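Colleague: fold the following and give me the result.
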Amino acid sequence: MLLFGKRLDLEDLKKMDTIIKIVETSAIHNIDFLITKIDISDDKNYTLILESEGKIVYLGDGTDLNTRMIYLSGILNREKGVSGEIFLNMNLNTEDAYFREKI
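Modeller: Below is the predicted model:
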């Protein structure tokens, strides 16, 4: 938990490093401007909020971000104009990322 006036501990620094990597990797794939919020409350499953797209992205623990952003970009193109949730929080070598439309 980040507190004003307190030094950042190792856990906070690790989360901040992951946030920087998420922003940098999403910029490479030209989707950084869509991210309005990054929820870091669960470091095993970072969550991206894309308000203008009406989507929530479950990113996972922040590993293999380049592959996750490639999947995210493809799903965003395919599901343009459809609100819902994007699940990228699995081992993408053995499972497929998927989109679930909001009902």
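Colleague: what segments of this structure are strands?
Modeller: Under the criterion DSSP state E, strands of the chain are mapped to 37-39, 46-50, 55-60, 84-87, 98-101.
Colleague: who does the first one pair with, and is each partner parallel or antiparallel?
Modeller: Using DSSP bridges, the neighbouring strands of strand 37-39 in the sheet come out as strand 46-50 (antiparallel).
Colleague: do the third one as well
Modeller: According to DSSP bridges, the neighbouring strands of strand 55-60, each with its direction, are strand 46-50 (antiparallel), strand 84-87 (parallel).
Colleague: ok, and what's touching that strand?
Modeller: Applying Cβ atoms under 8 Å, 6 or more residues apart in numbering, the external contacts of strand 55-60 come out as 22, 44-50, 65, 68, 72, 76, 79, 83-90. No exception for glycine: its C-beta is placed from N, CA and C like everyone else's.
Colleague: what's the answer for the fourth one, then?
Modeller: Applying Cβ under 8 Å, 6+ apart, the external contacts of strand 84-87 come out as 54-58, 72, 75-76, 79, 97-102.
Colleague: tilt between the worst-scoring helix or strand of the chain on mean pLDDT and strand 55-60?
Modeller: Taking mean pLDDT, DSSP states H and E as the measure, the helices and strands of the chain show their lowest mean at helix 10-28, namely a mean of 92. Note on geometry: by axes from the mean of the first three to the mean of the last three Cα atoms, to 10 degrees, helix 10-28 and strand 55-60 are set 120 degrees apart in direction.
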